[in-house]
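would you be able to build a 3D model of this:
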Amino acid sequence: MGKGSALSDGLVKKIILSYTYVAIWIFLSFTVIVYNKYILDRKLYNWPFPISLTMIHMAFCSSLAFLLVRVLKLVEPVALSRQLYLSSVVPIGALYALSLWLSNSAYIYLSVSFIQMLKALMPVAVYSIGILLKKDTYKGNTMLNMVAISFGVAIAAYGEAKYDSWGVLLQLGAVAFEATRLVLIQILLTSKGINLNPITSLYYVAPSCLFFLFIPWIFVEYPVLRENSSFHFDFVVFGTNSICAFALNLAVFLLVGKTSALTMNVAGVVKDWLLIAFSWSVIKDTVTPMNLIGYGLAFLGVGYYNHSKLQALKAKEAQKKSQQADEESGKLLGETEGKDGVEGIGKKGDTQA
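Model prediction:
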């Protein structure tokens, strides 16, 4: 009875911790999205410089990661050769820069709710790019699911009250670059056995990302900022915003490390609905019935996709356990046969004697 109770208590504790990790990630992701929207929106804080905001985040994250890795030595760096860094980390940093630049730019033109609806296309982009780069295989059922998600997002876009073609193009570009980055992480890093936690990820990737952001910043935003002499850097606003962005990176690692990437995908759907509700009720963005119908269809498609991935993971795990059981049975049978053979030889020798 006591043992069963202890197991029950342990299970309850694990469930509570999992929900805590999910809640922390949702809160921080929610905060960063709304905070960025507040800073970039012309009707709110009115600082429409997405490249500059992203560079502030990357500079802060790079500095803090360097402090933790090299100065305080709280985190061990990963051994990366110059060639591996240039061939693997740098391309990922470039894609990360493009993804952040375009996604933050979209907040100037689109509502928070509509951006979350467009982000439902992420599984479509990841699957499509995975096929193009030969990381994934084409499956008719999965592609039909991707078409259903795309159809739902198209309906949501058709019903958008404040539709802006340029904003949609920016967000779709951000989704494409982010999906490519995720696939390349699997190809360039995971396949080579390189695992980076959030601190080492920022330590290696953030400086590369900052460099690639600096190039367009010089030509696009720097001339405007130089002429805008009335602007004064607000350390409270940009400092707290950068801290939230850094904390979000830690929360991602905490959630995926303690639960799974699939849990984060499911939690992301919950976060999207919360953001849509917040955008409608607090920010007063217009959310039409057509928006909700379209996103509802996309939501069902994403939910089915996550369910399919979960079933595939369970099948893979069951197959792995079955193979391990067969190997153990084979070893046990071999040991038994070897023992019987030795005993048989011993008995034969005794008879001859």
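
quick one: stretch 206-213 to chain centroid distance?
Here the centre of stretch 206-213 is set off from its chain's centre by 19 Å, with CA atoms, centre = their mean, to the nearest Å.

er, stretch 144-153 actually
A distance of 21 Å separates the centroid of the chain from that of stretch 144-153, by CA atoms, centre = their mean.

all helices of the stretch 151-300 of the chain, in order?
Applying DSSP state H, counting those that start in this stretch to the stretch 151-300 of the chain gives helices spanning 165-184, 198-220, 222-227, 235-258, 261-281, 289-352.

avg pLDDT for the shortest one?
The predicted model assigns helix 222-227 a mean pLDDT of 89.

quick one: neighbours of the closest residue to Val220 other than its chain neighbours, just the number.
Nearest non-adjacent residue to Val220, counting by CB to CB, 6 or more residues apart in numbering: Ile51, 6.3 Å away. For glycine as for every other residue, the C-beta is placed from the backbone atoms N, C-alpha and C. Neighbour count for Ile51, taken as other CB atoms under 10 Å: 21.

wait, isn't Ile51 in contact with Trp101?
Yes: counting by CB atoms under 8 Å, Ile51 touches Trp101, with 5.5 Å between them.

which residues do these two both contact?
With contacts defined as CB atoms under 8 Å, 6 or more residues apart in numbering, the residues shared by Ile51 and Trp101 are 213, 216.

low pLDDT regions in this structure?
Where the chain drops to pLDDT under 70, the residues are 1-8, 229-230, 257, 261, 325-353.

swap the cut-off to 80 and go again
Applying pLDDT under 80 to the chain picks out residues 1-12, 14-15, 188-196, 228-232, 253-254, 256-266, 310, 313-314, 316-353.

before we move on, back to that, so who does the residue nearest to Val220 touch?
101, 104, 213, 216-217, 220-221.

save the residues you listed as CSV, and put in neighbour count and distance to Lys119 too.
Converted to CSV, the contacts of Ile51 look like this (neighbours: other CB atoms under 10 Å; distance: CB to CB, whole Å):
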residue, neighbour count, distance to Lys119
Trp101, 25, 16
Asn104, 23, 13
Leu213, 26, 21
Pro216, 14, 23
Trp217, 19, 25
Val220, 14, 24
Glu221, 18, 24
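
before we move on, which element is the residue nearest to Val220 in?
helix 50-66 (DSSP states H and E).

what angle sits between that helix and helix 165-184?
Going by axes from the mean of the first three to the mean of the last three CA atoms, to 10 degrees, helix 50-66 is angled at 30 degrees with respect to helix 165-184.

tell me the buried residues in helix 50-66?
By neighbour count on 16 or more other CB atoms under 10 Å, the buried set for helix 50-66 is 50-58, 60-62, 64-66.

go on, stretch 142-159?
Buried residues in stretch 142-159, counted by 16+ other CB under 10 Å: 142, 145-146, 148-150, 152-153, 155-157, 159.

equivalent analysis for stretch 204-218, please.
Within stretch 204-218, the residues scored as buried using 16+ other CB under 10 Å are 204-210, 212-213, 217.

for it, give me every contacting residue.
Contacts for stretch 204-218 (CB under 8 Å, 6+ apart): 51-52, 54-55, 58-59, 61-62, 65, 78, 80, 85, 89-90, 92-94, 96-98, 100-101, 196.

kindly recompute the last result at 6 Å.
Here stretch 204-218 makes contact (CB atoms under 6 Å, 6 or more residues apart in numbering) with 51, 54-55, 58, 61-62, 89-90, 92-94, 96-97.

how about CSV for these, with distance to Gln171 added?
Formatted as CSV, the contacts of stretch 204-218 follow (distance: CB to CB, whole Å):
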residue, distance to Gln171
Ile51, 16
Thr54, 15
Met55, 20
Met58, 20
Cys61, 23
Ser62, 26
Val89, 26
Val90, 25
Ile92, 21
Gly93, 21
Ala94, 19
Tyr96, 16
Ala97, 16
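
assign a three-state SS to Pro48, would you?
coil (DSSP: H, G, I helix; E, B strand; the rest coil).

wait, Leu250 sits on Pro198?
Yes: between Leu250 and Pro198 there is a contact under CB atoms under 6 Å: 5.2 Å.

Ile276: which of the buried residues of helix 50-66 is nearest?
Closest approach to Ile276 among the buried residues of helix 50-66 (CB to CB): Pro50, at 21.9 Å.

neighbours around Ala312, how many?
Counted with other CB under 10 Å, the neighbours of Ala312 add up to 10.

tell me, how many residues neighbour Tyr222?
Tyr222 has 15 nearby residues by other CB under 10 Å.

in contact with it, which residues?
By CB under 6 Å, 6+ apart, the contact list for Tyr222 is empty.
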